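# Could you work out the structure for the sequence below:
(one chain, ligands or ions: 1)
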Amino acid sequence: MKKTRLHLGLFLVIVLFSYGCKNQPVSISSVYEKKADSIIRLMTLDEKIGQMSLFTSDMSSTGPTMRDDYVDLIKQGKVGAVFNAFTVDFVRDLQKIAVEETRLHIPLIFGFDVIHGHRTIFPIPLGQAATWDTAAIEKAERVAAVEASAEGLNWTFAPMVDLARDPRWGRVMEGAGEDTWLGELIAAARVRGFQGTLLSDNNTILGCVKHFAAYGAPQGGRDYHVVDMSERSLYEWYLPVYKAAVDAGVASIMTSFNEIAGVPSTSNKWLLTDLLRDDWKFNGFIVTDYSSINELIPHGVAADLEEAAKLSANAGVDMDMQGSAFLNCLSNLVKSGDVSEKTIDEAVKRILVAKYRLGLFDDPYKYCSKEREEKEIMNPEHRAFAREVAAKSCVLLKNENKTLPIPKSVKTIAIIGPLADSKADMLGFWSGAGQAEKCVTLVEGIRSRTAGTVNLLTAKGCNVDDDDVSGINQAVSVARRSDYVILALGENRMMSGEAASRTDISLPGIQMQLAEAIIKTGKPVAVVLFNGRPLTIPELDYMAPAILETWFGGTEAGNGIADVLFGDLNPSGKLTMTFPLNMGQVPLFYNSKNTGRPINPENPYEKFKSNYLDSPNTPLYPFGYGLSYTTFSYSDVKLNKESFESNDQIIASVDVTNTGDRDGEEIVQLYVHDLVGEVTRPVKELKGFRKVLIKKGEKVSVTFSIHPADLSYYHQDMSFTYDPGNFELFIGANSRDTKKTEFSIR
Ligand code: BGC
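You can find the predicted model right below:
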């Protein structure tokens, strides 16, 4: 009886403190903090540590599951958040346990890797980035949040913003590519898309920017490997993208698996506290990656789990993902004085504040509406938008003799290749809630686009990744019977993503052999590529008349690609990662340094220059590259002045003319080169772009305005400023093909 009264009393206190927090502004210094403090005062140490623990459900796990007793743990108040649990009924059941069966009734947060769509899957993030359309990217994340929240989720482990310059690393598919400045814009757009304007709305979810920090720079492109770089590179290229997400108000951040200069991120106090909290003023909560506290032992910075837990808690980690390190060790560590209870209280406060921001204390079941679930999941508007993004993310890499779009005169099309009709592969990696059976393959997309007006023949030819040549002859005979061939080649979805690094990034298996056999038939051939990373495909580029890069386009991949192949949509995507010519060039990225012995373009193999004996330095397809079914010509660049003061605007413009025979969108890019810096500067840096629709035969003037301060970088003393002196300014269709002018800053 006594116990029940205490129970009810605590419940009332929480309800009273929770009252009225619905539409409060989102700030840790706000009323939520006070509410959180009032709960913390009622909590035992074990209950606090419970809030700092995140466990996977048994629904769909993204790593080795270390505990399957999560339901009991929830009952005991030892869990603050659950991941890999969604659908309204399941979430409601788990939430009910937390809210009704624990002493303090504190609701759970439900997280999941919603990386490129939830049920309606969008193109992989690297593909979305190729649209250079931040509004579309934001809207895609909005759709993802609407669907995820309709299935009980209120936290996504995204955006992944790790800058990546090495295509061997499989996780390049999750990010925005190799450019910091573009990455910043995309990171902010993605945060806005997930979190909307108010986190307490029932269709917004917490974002979690990851993986902090520099996870995208593992040695040799091998996942989880060591990261070691200069402080300047870290500050200049890698950190700003996370900072952009923090500035956009991201609610949480995930530590990375890797070490940086010998210190693993999960135990890096400088990174998590001095930089993130003190300098950047991040006020959300910090979660580890999957069991990364435990991994401090094999990293070799902790002798046992207790030491690992101590290091991470003291570094600033608030929540332990899946490792049970906090659950098992924090209590002793507090008792021994190795971790202060104040540190624990701060962490718990940040987690409770997130729960207040979501409105979970008002209504723990607010994300559990059957009605919303039925209405939102894969609704036709979502699918229509996914189709649009799938089409917009396509990058036309080659198009000799106007092979594409498919001419209207074509009567019989052969669709050949291991990826022509593979539903599951369309999803790409990180599409946990995506359903293969709902995906539209290339064959299906073309079938529905042509609706019986064209005769379609199909042949697989070979598998993605083995050496079985038995299907090639049949594929060749199918090609011979057609008057146009679409060849669907690339990687399967498991060849990129986590734990999917490759040392050879050419077309896997015997696909090149299949391509050669088909191209030799002399039929017009358009290659459609599916892949999660840049590939080295110089032979294919040499032989195939047309190549369309389509990434993994998601649920509507086949329809979106068909829209492009038949010319209903003129392709406008441009690469955000360099496609190297060969593996030996990797890492290869556009904003490299000139060196003291730059290559002589007239004689690329000149001895004692920074080059190779056996390969040019130049890539197959440069950053920013992508063709259109029309053509564009660029005028010379005009500047408002030649010499600028610090407060001036540098206004640069070009006239871009659509010289082809159809309307098209062009992504006009502006780059700058600081000729003499206190520190060496890249040969080109992206500083602006505009995506413009230009009607056939028309000319538009495209104007950019930048400020001298936009040319700032970290000097020798790490001050962030720009150099007076001379600069080159380039405007063009990609990082290679540009028009140049010069200016100076006094
Ligand atoms: C990945 C994270 C992911 C987590 C939870 C880890 O293995 O590195 O990106 O969010 O699993 O699924």
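
# Pull the number of nearby residues for Ala451.
Residue crowding around Ala451 was assessed by other Cβ atoms under 10 Å; the count is 7. To be clear about C-beta, it is placed using only N, CA and C from the backbone, and glycine gets the same treatment.

# Contact partners for Ser615?
By Cβ atoms under 8 Å, 6 or more residues apart in numbering, the contact list for Ser615 reads Leu581, Asn582, Gly584, Gln585.

# give me that answer again for 6 Å
Asn582 (Cβ atoms under 6 Å, 6 or more residues apart in numbering).

# quick one: what helix or strand has it in it?
Here Ser615 sits in a region with no helix or strand, counting by DSSP states H and E.

# Compute the first-to-last residue distance for stretch 282-296.
Stretch 282-296 stretches 24 Å from its first residue to its last (Cα to Cα, to the nearest Å).

# quick check, that stretch touching the ligand?
Yes - Stretch 282-296 reaches the ligand (Cβ under 6 Å from any ligand atom) through Asp289, Tyr290.

# what does that stretch rub up against?
Taking Cβ under 6 Å, 6+ apart as the criterion, the residues outside stretch 282-296 that touch it are 28, 63, 211, 246, 251-255, 257, 264, 266-267, 272, 276, 302, 308, 312, 316-323, 325, 350-351, 354.

# again, only this time at 7 Å
Contacts made with stretch 282-296 from outside it, assessed by Cβ atoms under 7 Å, 6 or more residues apart in numbering, are listed as 28, 54, 62-63, 66, 208, 211, 246, 250-257, 264, 266-267, 272, 276, 302, 305, 308-309, 311-312, 316-323, 325, 350-351, 354.

# now swap in stretch 637-648 and tell me
Applying Cβ under 7 Å, 6+ apart, the set of residues contacting stretch 637-648 from outside is 650-654, 708, 729, 731, 739, 741, 743-746.

# Going by neighbour count, list what's buried in it.
Val637, Phe644 (16 or more other Cβ atoms under 10 Å).

# Put the alpha carbons of that stretch into CSV.
In CSV, the C-alpha atoms belonging to stretch 637-648 read as follows (Å, rounded to 0.1, in the frame of the first residue of the first chain):
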residue,chain,number,x,y,z
VAL,A,637,34.0,35.1,-66.5
LYS,A,638,33.2,38.7,-65.6
LEU,A,639,34.1,40.3,-62.3
ASN,A,640,32.7,43.5,-60.8
LYS,A,641,36.3,44.6,-60.1
GLU,A,642,39.8,43.3,-60.3
SER,A,643,41.0,44.3,-56.8
PHE,A,644,39.0,44.0,-53.6
GLU,A,645,39.0,45.4,-50.1
SER,A,646,38.0,43.2,-47.1
ASN,A,647,34.4,44.5,-47.0
ASP,A,648,33.8,44.2,-50.8
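
# before we move on, the earlier item: if you rank the contacts of stretch 637-648 by neighbours, which is first?
Neighbour counts for these peak at Ile731, which has 26 neighbours (criterion: other Cβ under 10 Å).

# what's the pLDDT at Val26?
Predicted confidence (pLDDT) for Val26: 47.

# how about the residues of this protein that lie near the ligand?
With Cβ under 6 Å from any ligand atom as the criterion, the chain meets the ligand at residues Thr62, Gly63, Asp113, Phe157, Lys210, Asp289, Tyr290, Glu498.

# what about burial for these, which qualify?
Of the residues of the chain next to the ligand, these count as buried by 16+ other Cβ under 10 Å: Thr62, Asp113, Phe157, Lys210, Asp289, Tyr290, Glu498.

# who touches the second one in this structure?
Going back to what we said before, that points to Asp113. With contact taken as Cβ under 7 Å, 6+ apart, Asp113 is in contact with Thr62, Phe157, Ala158, Trp430, Gly432.

# For Asn591, which non-adjacent residue is spatially closest?
Once flanking residues are discounted, Asn591 sits nearest to Pro682: 3.9 Å by Cβ to Cβ, 6 or more residues apart in numbering.

# surely the one you found meets Asn594?
No - using Cβ atoms under 7 Å, Pro682 is not in contact with Asn594; the gap is 8.3 Å.
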